[in-house]
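Visitor: Fold the stuff below for me.
(4 chains)
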Number of protein chains: 4
Amino acid sequence: MIEVVVWNEYRHERLEEAVRNIYPDGIHGCIKSFLDVDEELNVTLASLDDECQGLPDELLNKTDVLLWWGHIAHHEVSDELVEKIRQRVYAGKMGLIVLHSGHHSKVFKSVVGTTGNLSWGRDQKEVVWNLYPTHPIAKGIPEHFIIDIEELYCEPFYIPQPDAVVFGSWYEDGFIFRSGVCFERGLGKVFYFQPGHEYCRSFYNEYVQKIITNAVHWAVPTEVGYSVPDGAPMVNFKVTDEFNS
Amino acid sequence: MIEVVVWNEYRHERLEEAVRNIYPDGIHGCIKSFLDVDEELNVTLASLDDECQGLPDELLNKTDVLLWWGHIAHHEVSDELVEKIRQRVYAGKMGLIVLHSGHHSKVFKSVVGTTGNLSWGRDQKEVVWNLYPTHPIAKGIPEHFIIDIEELYCEPFYIPQPDAVVFGSWYEDGFIFRSGVCFERGLGKVFYFQPGHEYCRSFYNEYVQKIITNAVHWAVPTEVGYSVPDGAPMVNFKVTDEFNS
Amino acid sequence: MIEVVVWNEYRHERLEEAVRNIYPDGIHGCIKSFLDVDEELNVTLASLDDECQGLPDELLNKTDVLLWWGHIAHHEVSDELVEKIRQRVYAGKMGLIVLHSGHHSKVFKSVVGTTGNLSWGRDQKEVVWNLYPTHPIAKGIPEHFIIDIEELYCEPFYIPQPDAVVFGSWYEDGFIFRSGVCFERGLGKVFYFQPGHEYCRSFYNEYVQKIITNAVHWAVPTEVGYSVPDGAPMVNFKVTDEFNS
Amino acid sequence: MIEVVVWNEYRHERLEEAVRNIYPDGIHGCIKSFLDVDEELNVTLASLDDECQGLPDELLNKTDVLLWWGHIAHHEVSDELVEKIRQRVYAGKMGLIVLHSGHHSKVFKSVVGTTGNLSWGRDQKEVVWNLYPTHPIAKGIPEHFIIDIEELYCEPFYIPQPDAVVFGSWYEDGFIFRSGVCFERGLGKVFYFQPGHEYCRSFYNEYVQKIITNAVHWAVPTEVGYSVPDGAPMVNFKVTDEFNS
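Guide: Numbering: from 1, shown residues only, chains lettered A, B, ... in the order given. Predicted coordinates for the structure are as follows:
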């Protein structure tokens, strides 16, 4: 079983009826509902106002893949929790999937090393293009698909050169965006995906669901063929001493 | 079943007793023997002096992964066969694994787009370092392993910036080499691996065997979520016409 | 002085009045006229129907940067010339800039290692976005600029992962394209740029002109700090012998 | 003039006579002395025990390139200063060059997004190989050069896939290391270079000096062709409204 935690700030849904009408169980509830179809995944919900901001050590320390959605309360997330997540990703114990407005979360900025800056605008039509059809996250995704209405995010997106640009998006008003990008950090994997505005129904889109499901599988930590040191250990041997030993 | 073809020039083994003593069934025979242990692989042998230079269309057109070892007869391989291999890799129908002196094969130079130039020297001790422990090709490989005697290949290696440098090697005389490198070309994957001189026993090394086996699995073509066009088709639709359709 | 050759197939302009009206001196003549403003550049014209297909050895062998525009006569370009260009780029003696329909030229496909496949469609509005504002080719280019009418080129573009994606384009009908991409091959640099259909006036656009001028400077061969070998020379020394020498 | 600040922890030199004998003016003093030969550079010294930890705002805010050497006092550097440096690099106002044991500095770990972990060992002979001879940082550097005695740093080096691996090193005891690596973060550039142990004379090596000088020029901020926003501004226009305007 792959242990998945869907972390959601979970404020908009409680404060605004329009959002609650779209996601009555919260954005995280909606994400869990389609991930639950995959029998290899064991999905747990977590949110900012839960105890320990949703991620007590006993949960975090068994999480294989963490999904993150946040927006208006990024600043409330504790630096200590962010640092724990960062270390866990770098140590190759957990993958990270950051959704939509999570580009400005402390977690994304700290793990990837970026401001996460971009420009944004009115909700409009988006066409998502599959730029890397052989990438595991693009499995089963057509050349393009349409999201009827989604918040505009546009370039320049101030991120490091990604290790892979899997999706790129076209927007009605003349903008484009690298909407699905991968980063490797330490021994861990990070995927950022643009759709998912709280006022839009993107998480009900079949391809958005498939991409996020694919990304969970891609982000699962990889077993490493030796014991990874913590810190910078001194090497107390010479490889040359092993010759013909 | 994954259809694997191990192509070997197969001249040294027939011309030189010293080589034949090491690889009595040919280098390709040795490679087949350890790949055969993997029940997902169906391994076929092919060599330069076979009919159609070992790769008649009916074989090539069902090959999922092609391994290539050549050295003294690169120039004898027909341009037509090279072009068929190139197109099959680009079309995402076949992965390619190029071994040792194959760096100067027409196949490697043409598929990757390179001269394949490097420098080389006397046989000596090599230490292979695992530079990308989370890469699928490094699965189960320790931090480093020793090859008691292998031909020196050294930098500068005139290749395009690889999509991944999985292994790097240290040599006794003071040289280093990017010894395991990945390239993506078209929809296909290519892995080049340095060990495998005809006078050395590297293909009996357990880690060399594991790396090549891992590489076969990595290079298997990926299913693409739409029908890939051949050539440059005209687009006879507007995506914008699909809106709300 | 940087020796620049602008190679143009130069057929459309002679065959079709509509094209000739836009580019009375040929597409290459137009490109030369804006490059000539740069006093560091010495620009020579070449075309397919010139002697030696425009690139006699004495010209090719002094060219620092070659620009290439072709379309309906790709197949007429001799394989021998293509191979000379390829070797010159790989040897780091010449940079290469491929324009528009040159994506399907033998030169582009052979040097980069690709089919160059893409899809295309009707002429329409294009918005070029600056995705890598600190790249030398993006110097002085705004966040975006508009090309009123240009031929649609669209993803998927079957190229290897580029070493840099400098520009991405939005098209009116719902498509996007990686419209300005860099590749390093051997010791040489290659830039592909999408605008430049023979029926459109893109080469008169100030930003298109600036990008091409920037690309010429970027593609100038870099001096290497040692003598680059041709082929794969044997190393007849041990670095370890140099210790404390 | 390029404004360069050489920041040095400057503790070893004051505490240990052996180090002081090698670098009587401090490591930073030695670096300044060879950078001063370059007339385009205006070099200022800074150290941890200076006021504001050496980087008062009025100095930091005019710095084009910051060099960083630290070791035993990484933890003393204030988080606030680290954050200022990080923001300045991301904003493309300053390049960063991190030397030797700076791999574990807060600055490197935070700007790049990494643990900076590696293994290390006894001082020994190092051969630095030029893996990217056309890179601006490799200008004038031979295929390889020898450092008679330097501290062993070895793989695995837990860094994100670098944007360029310019140098790789061989060590006497059987180890290798990616010893010169580039990262782009935001609009800024970062170079990490391995030589520079406080007990070794590497900063007197002519090629080490040339590499660091080259890196300073490479890291100078690039002018961007538009006004870069701070934060994530709303886009209050449609590009499509600009058509034919």
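Visitor: what's the longest helix along chain A packed up against?
Guide: Ranked by number of residues, the top helix in chain A under DSSP state H is helix A:206-219. Packed against helix A:206-219 by the contact rule (3 or more CB pairs under 8 Å, 6 or more residues apart in numbering or on different chains; DSSP states H and E) you find strand A:2-8, helix A:26-35, strand A:65-69, strand A:95-99, strand A:188-193. All C-beta atoms are positioned from the backbone trio N, CA, C, and that covers glycine.
Visitor: Kindly reformat the ones you listed as JSON lines containing mean pLDDT and mean neighbour count.
Guide: Below are these laid out as JSON lines (pLDDT from 0 to 100; neighbours: other CB atoms under 10 Å in any protein chain shown):
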{"stretch": "strand A:2-8", "mean pLDDT": "98", "mean neighbour count": "24"}
{"stretch": "helix A:26-35", "mean pLDDT": "98", "mean neighbour count": "21"}
{"stretch": "strand A:65-69", "mean pLDDT": "98", "mean neighbour count": "26"}
{"stretch": "strand A:95-99", "mean pLDDT": "98", "mean neighbour count": "27"}
{"stretch": "strand A:188-193", "mean pLDDT": "98", "mean neighbour count": "25"}
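Visitor: So for chain D, which of the ones you listed sits nearest?
Guide: strand A:188-193 (9.5 Å; CB to the nearest CB).
Visitor: now the helices and strands packed on helix A:206-219 as CSV including distance to chain C?
Guide: Below are the helices and strands packed on helix A:206-219 laid out as CSV (distance: least, CB to the nearest CB, whole Å):
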stretch, distance to chain C
strand A:2-8, 28
helix A:26-35, 26
strand A:65-69, 25
strand A:95-99, 20
strand A:188-193, 15
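Visitor: Name the nearest residue to residue A:83, ignoring sequence neighbours.
Guide: Once flanking residues are discounted, residue A:83 sits nearest to residue A:110: 7.6 Å by CB to CB, 6 or more residues apart in numbering or on different chains.
Visitor: what secondary structure does that neighbour sit in?
Guide: helix (DSSP: H, G, I helix; E, B strand; the rest coil).
Visitor: what about it, distance to chain B?
Guide: Remark: distance between residue A:110 and chain B (CB to the nearest CB, to the nearest Å) = 20 Å.
Visitor: follow-up on the earlier one: let's have the helices and strands packed on helix A:206-219 in a markdown table, adding distance to residue B:13.
Guide: Below are these laid out as a markdown table (distance: least, CB to CB, whole Å):
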| stretch | distance to residue B:13 |
| --- | --- |
| strand A:2-8 | 47 |
| helix A:26-35 | 53 |
| strand A:65-69 | 48 |
| strand A:95-99 | 46 |
| strand A:188-193 | 43 |
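Visitor: Out of those, which is closest to residue B:27?
Guide: With respect to residue B:27, and counting by CB to CB, the nearest of the helices and strands packed on helix A:206-219 is strand A:188-193 at 35.9 Å.
Visitor: Could I have the CA atoms of that closest one written out in PDB?
Guide: C-alpha atoms of strand A:188-193 as PDB (Å, rounded to 0.1, in the frame of the first residue of the first chain):
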ATOM      1  CA  GLY A 188      12.700  13.000  -3.500                       C
ATOM      2  CA  LYS A 189      10.400  14.000  -6.300                       C
ATOM      3  CA  VAL A 190       8.200  17.000  -6.600                       C
ATOM      4  CA  PHE A 191       5.400  17.700  -9.100                       C
ATOM      5  CA  TYR A 192       3.600  21.000  -9.400                       C
ATOM      6  CA  PHE A 193       0.200  21.100 -11.300                       C
END
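Visitor: what's the following helix or strand after the strand or helix carrying residue A:14?
Guide: Assessed by DSSP states H and E, residue A:14 sits inside helix A:12-15. As assigned by DSSP H and E, the chain's next helix or strand after helix A:12-15 is helix A:17-22.
Visitor: Can you pull the residues of chain A lying near chain B?
Guide: When proximity is defined as CB under 8 Å from any CB of the partner chain, chain A approaches chain B at A:92, A:125, A:127, A:130, A:133-136, A:138-144, A:146, A:148, A:170, A:184, A:187, A:189, A:222-226, A:228, A:239, A:242-244.
Visitor: So which other helices or strands are in contact with the host helix or strand of residue A:83?
Guide: Residue A:83 is part of helix A:79-90 when elements are defined by DSSP H and E. Judged by 3+ CB pairs under 8 Å, 6+ apart, helix A:79-90 is in contact with helix A:57-60, strand A:95-99, helix A:106-108, strand A:188-193.
Visitor: and these as a markdown table, adding distance to residue D:35?
Guide: Converted to a markdown table, the helices and strands packed on helix A:79-90 look like this (distance: least, CB to CB, whole Å):
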| stretch | distance to residue D:35 |
| --- | --- |
| helix A:57-60 | 46 |
| strand A:95-99 | 40 |
| helix A:106-108 | 36 |
| strand A:188-193 | 37 |
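Visitor: thinking again about what came up before, how far does the longest helix of chain A sit from its chain's centre?
Guide: Helix A:206-219 has its C-alpha centroid displaced from the chain centroid by 10 Å (CA atoms, centre = their mean, to the nearest Å).
Visitor: measure residue A:38 to residue A:65 for me?
Guide: 12 Å (CB to CB, to the nearest Å).
Visitor: overlap in contacts of the two?
Guide: residue A:216 (CB atoms under 8 Å, 6 or more residues apart in numbering or on different chains).
Visitor: Let me know whether residue A:135 touches residue A:163 as I believe.
Guide: No. Under the criterion of CB atoms under 8 Å, residue A:135 makes no contact with residue A:163, lying 10.4 Å away.
Visitor: for the helix holding residue A:83, the distance to its chain's centre please.
Guide: Per CA atoms, centre = their mean, the centroid offset for helix A:79-90 relative to its chain is 14 Å.
Visitor: So which residues lie in contact with that helix, not counting its own?
Guide: A:52-53, A:55, A:57, A:60-61, A:63, A:66, A:94-96, A:106-107, A:110-111, A:185-188, A:190, D:114-115, D:158.
Visitor: got it, and stretch A:113-121?
Guide: A:103-105, A:108-109, A:151-160, A:173, A:175, A:177, A:185, D:87, D:90-91, D:110-114, D:160, D:185-186, D:229-236.
Visitor: Quick check: residue A:70 touching residue A:48?
Guide: Yes. Counting by CB under 8 Å, residue A:70 touches residue A:48, with 7.4 Å between them.
Visitor: the more surrounded of the two?
Guide: Each of residue A:70 and residue A:48 has its neighbours counted (other CB atoms under 10 Å in any protein chain shown); residue A:70 has more, 27 against 17.
Visitor: and the nearest residue to the more buried one once chain neighbours are set aside, how far is that from chain B?
Guide: Spatially, and ignoring its direct neighbours in sequence, residue A:70 is nearest to residue A:9 (4.1 Å; CB to CB, 6+ apart). In this view, residue A:9 and chain B are 30 Å apart by CB to the nearest CB.
Visitor: sorry, back to before: please list which of the residues of chain A next to chain B also come close to chain D.
Guide: Within the residues of chain A next to chain B, those near chain D by CB under 8 Å from any CB are A:184, A:187, A:228, A:239, A:242.
Visitor: Specify which member of the residues you listed is nearest to residue A:15.
Guide: For these, the nearest to residue A:15 is residue A:184 (36.2 Å; CB to CB).
Visitor: how much space between residue A:30 and residue A:77?
Guide: From residue A:30 over to residue A:77 (counting by CB to CB), the distance is 21 Å.
Visitor: again with residue A:109
Guide: Relative to residue A:77, and taking CB to CB, residue A:109 is found at 11 Å.
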